[in-house]
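[1] Sequence plus the predicted model coming up.
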Amino acid sequence: MADERSYRTKVGSQEIELPLVQVAPGISIALLISVDHGIGFSERAGAELADLMRPYGVEIVASVATMGIPLAIEVTRALGLDDYAILHKTQKIHLSDAVAEPVRSITTAADQRLLFDRRRIEAIRGRRVGIVDDVISTGGSSRAALNLVRRVGGTPVVFGALLTEGSGWRGVLGDDAAMVRTLGAIPVFRHEPDGTLTEDWGEG
């Protein structure tokens, strides 16, 4: 850790510094906002993640809006595909009749839903789907994405992430945790009584 305000880590071949943000009493996380790291970062990370996902015969990439969209584009491009599907978290006019799946995220205070446009179901139905997201943290968003893809007839074969955070997500994903391929890992940070932060990898 560089200091108590940031955390330096690697995402594949790239080294980045992330701000530490308190998300609950006594708990902080290193916050990755992928769109803040530039086009070059996303392009290289997407290509490296695609290399990890390529052996699984992905036919279409799916991701969660909005932070996952640049990653979905770059992974799709690197895999030589021409279409991707987005699972939305905010209601839009074209999602009035969407297929919905409940989700709760560590970075979002309220319960949400993942929404998928019914007019896009045929893009996923019967196909091998590679799901991508910037960070797998609690596993809540990841579980919802897997459930939603399966509900519309897709077959998730691999789940790619720039980073995993802690290890609580493994229990939430269960057997599906074996699908995860990642470019790096970061801990959760516990606040000590003296004000310092302790890395918690959740493995003890």
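    Yes, it's here.
[2] buried ones in stretch 80-94?
    Neighbour-count burial for stretch 80-94 flags 84, 85, 86, 87, 88, 89 (criterion: 16 or more other Cβ atoms under 10 Å). Quick note: C-beta positions are derived from backbone N, CA and C, even for glycine.
[3] same thing with stretch 175-188?
    Buried, per 16+ other Cβ under 10 Å, within stretch 175-188: 176, 177, 179, 180, 181, 182, 183, 184, 186, 187, 188.
[4] Quick check, pLDDT for the closest residue to the last one other than its chain neighbours.
    Closest residue to residue 188 apart from its sequence neighbours, by Cβ to Cβ, 6 or more residues apart in numbering: residue 166 at 4.3 Å. Looking at residue 166, its pLDDT reads 95.
[5] now swap in residue 111 and tell me
    For residue 111, pLDDT reads 71.
[6] going forward, begin numbering at 52 instead of 1
    Sure, I'll start counting at 52 from here, so that last one is residue 162.
[7] Next up, the contacts around the most centrally placed residue in the chain.
    Nearest residue to the geometric centre of the chain (Cα atoms, centre = their mean): residue 184, 2.5 Å. Shown in contact with residue 184 (Cβ atoms under 8 Å, 6 or more residues apart in numbering): 114, 115, 118, 119, 122, 192, 193, 196, 210, 211, 212.
[8] the longest helix in the protein is where?
    Counting residues, the longest helix found in the chain (DSSP state H) is helix 89-104.
[9] and that one, what other elements does it pack with?
    Helix 89-104 sits against strand 65-75, helix 119-129, strand 179-187, strand 206-216, strand 231-233, with contacts defined as 3 or more Cβ pairs under 8 Å, 6 or more residues apart in numbering; DSSP states H and E.
[10] Now, the buried residues of stretch 131-145 that are in strands?
    Among the buried residues of stretch 131-145, the members falling in strands (DSSP state E) are 135, 136, 137, 138.
[11] Pull out the buried residues from stretch 108-128.
    Residues of stretch 108-128 classed as buried: 109-115, 118-128 (neighbour count, 16+ other Cβ under 10 Å).
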